[in-house]
Each structure stands twice: as structure tokens, then as C-alpha cells.
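Student: test case, fold it:
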Amino acid sequence: MLNKQVLLKSRPNGLPNENNWQFVESEVAELEANQLLVKVEYISLDPAMRGWMNEGKSYIEPVKLGEVMRAGTVGKVVKSTHKDIQVGDNVYGHCGVQEYAVVPAKSVHKVDPNIAPLERYLGVLGMPGMTGYFGLLNTGKPEAGETLVVSGAAGAVGSVVGQIAKLKGCRVVGIAGGPEKCDYLVHELGFDAAIDYKNQDVKSALKQACPKGIDIYFDNVGGEILDTVLTQIRMKARIVICGAISQYNNTTPVKGPANYLSLLVNRAKMEGIVVFDNAASYPQAAMEMAGWISQGKLKAKEHVVEGLENFPNALLMLFNGENKGKLVLKII
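Tutor: Below you'll find the model as predicted:
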């Protein structure tokens, strides 16, 4: 059986381009004990993938040159040598950007397409949803009546953060790019206000939307927006550093916050989060979020692109803001 794969050919300088990838076909290996052959059906496209392409120390080893590009996936088991996972079971794992994957059974967990569509296990019920859930609740520690601001608010993580904060009784302000996304935040997801960073002055818009200041800022973009938010935080504010998509493709050094002394003045806290630290608690979080979805309290939206051959261009959608909702690649 032939397997189509996307390998990391070279490390990008700035935005990834087609020269960084190599499309290959290879024979699928025979299974050893306690392994699975998974037919990949959906691949998660996430901003974190850009960081995984860089060489250097990080929270996870970089993808090596010549390796299949790392990615979260859902798919169907077509062969199994493990007693608890059967042919036909649907599983979530990091099977990479390829059509088939031979993986240890212990590296995946079963998902139920009767509870939610498979692609949802890559969004609200997958790594982005878990990132928002644990980053907000464990690090942001929202309390009723507080004001939360989240950047990248229409994305897979930001939309979850804002909705859970509303469930916890917060005033929620989202920062997103373009009137369509801002309208989605307010009229579909129930945010109290939305700021269009492409067409509004963020500093003055924040003052209007957050007249009492900002208690929690969930940061997905870094750069100038982080710096601006720091000028308007309240005493004992919590800044959750989840990502910095505005900086990932820089060819110059990352822009750090010039206004960091606001943390001192306001006795505030800035803390980074990595979702993998909470892996043991994923099942409980997924159950709670699935309950919110079934009750209509948590809404999800996926943006599906079809075809493995479209991976390079689909990945770029994350950085130019084309995607509306969680971006996934469907393998057809």
C-alpha cells in the first residue's frame, strides 16, 4: 500500500513556501505488536506548526528535516495489533501530514463520531479547545464581573476562550481582523464587544470597550497588540501568553513588550501556557465542553480545505487571516 506524505524539506525564513515541503510516496510498513495503521481523514492546521519548523530549543522538539510534518489528526483504524482498539475505530493523535500512519496504540485515543463530527475533535474538542479551556481556567482564573480581552478571537482558541469566559460571568471583548469576524463574535458567539484591529485604533477602541480596564488578557498574537493591552490592565491582572502569531514569520528579532513595567505598577502576572502540560485532564475537559455544546452554550465552526496537495497553501491561511473558524485539511 502506497502512502502519500508531506516532509519538511527545509526550514523557512519568514513565511513558509512550497520550497520548504517535499511530497513523497512510500510503502506502508508492516505492523508490529500494539501498533495501528490509521487512515488519516482530517489534519489540524495550527499556528504552532510554524514554531515546530524552526530549529532551536522550545517546549517540543522541532520537526527534523526529511521527517513527516507534525500535525494533530483524526482518522480511522484500518489495521490493529492491539486488543483494545479495533479496525473501524476512530482515533485522535499526532499522525502527521500524510494519508496513512503506523503508530503505537498508546499514542492515540478513541473518539466518537456520534457525539461530534470528526473534524470537531481537532477544534473545540481537540488541542485548540483544550488550550483555551486550561489556559483560561487554570491560568487566567476568571471571576464573574471581570473584563476579559482575547486576541485572535475568531480563531479556534480565541473563540473558545471568549465563550467560556462568558459562561463564567465575564465581560468579553474580542480582537479580530475585519468586520465579518467581529460581527461573528458579537452576534453568533455572544461577545460583548469586538475590535477590528485592521480598521480601528486598538488603543482607543479598548478604552471604549473596557472602561474599567482589563482584568484578563488572553494573548494569541503578541507584538503591538500585546503592548497596547498592557497600558490598560487593572490591578492584579492576569496576562495569559498562548501564542504570538504576529511574530512567527519575522525575519528580524521578535518584538517584545515595551510597556512591561505596567506589570510592576499593577502587580500583574504574565504567564505562558502549553496545552500538553494538561494532557492527563483532557478527557474531563472534553466531557464538560461536549456538554456545553449539546446545551447550545458553546458554538464551534470549522473551515475545511480538501486535498493533501493543498497543504502548503492551506497552512498560509492561518497567517493571512483567511480562515473562518478552526482550519482543517480533509484528506480525500
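
Student: please, which helix or strand holds residue 226?
Tutor: Take DSSP states H and E as the rule and residue 226 turns out to sit in helix 223-230.

Student: and the helix or strand following that helix, what does it pack against?
Tutor: Later in the chain than helix 223-230, the nearest helix or strand by DSSP H and E is strand 233-241. In terms of contacts (3 or more C-beta pairs under 8 Å, 6 or more residues apart in numbering; DSSP states H and E), strand 233-241 is packed against strand 214-219, helix 223-230, helix 261-265, strand 269-272. To be clear about C-beta, it is placed using only N, CA and C from the backbone, and glycine gets the same treatment.

Student: using TSV, lay out these together with mean neighbour count, distance to residue 94 and mean pLDDT.
Tutor: Shown next, in TSV, are the helices and strands packed on strand 233-241 (neighbours: other C-beta atoms under 10 Å; distance: least, C-beta to C-beta, whole Å; pLDDT from 0 to 100):
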stretch	mean neighbour count	distance to residue 94	mean pLDDT
strand 214-219	27	24	98
helix 223-230	21	28	97
helix 261-265	13	34	97
strand 269-272	14	21	98
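
Student: just put the ones you listed in TSV and tack on distance to residue 320.
Tutor: Shown next, in TSV, are the helices and strands packed on strand 233-241 (distance: least, C-beta to C-beta, whole Å):
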stretch	distance to residue 320
strand 214-219	20
helix 223-230	16
helix 261-265	31
strand 269-272	25
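
Student: contact partners for the residue lying closest to residue 77 once chain neighbours are set aside?
Tutor: Excluding its sequence neighbours, the residue lying closest to residue 77 (C-beta to C-beta, 6 or more residues apart in numbering) is residue 89, at 4.7 Å. Listed by C-beta atoms under 8 Å, 6 or more residues apart in numbering, the contact partners of residue 89 are 76, 77, 80, 110.

Student: likewise for residue 110?
Tutor: Contacts for residue 110 (C-beta under 8 Å, 6+ apart) come out as 85, 89, 90, 91, 92.

Student: just grab the bridge partners of it for me.
Tutor: On the basis of DSSP bridges, residue 110 is bridged to residue 91.

Student: confidence score at it?
Tutor: You'll see residue 110 listed with a pLDDT of 93.

Student: for it, give its distance to residue 80.
Tutor: Here residue 110 is placed at a distance of 12 Å from residue 80 (C-beta to C-beta, to the nearest Å).

Student: with residue 12 instead?
Tutor: Remark: distance between residue 12 and residue 80 (C-beta to C-beta) = 37 Å.

Student: so where's the stretch 1-150 of the chain shaky on pLDDT?
Tutor: Of all residues in the stretch 1-150 of the chain, none has pLDDT under 70.

Student: can you show me the strands along it?
Tutor: Along the stretch 1-150 of the chain, the segments classed as strands by DSSP state E, counting those that start in this stretch run 2-8, 21-27, 35-44, 73-80, 90-93, 100-104, 109-111, 147-151.
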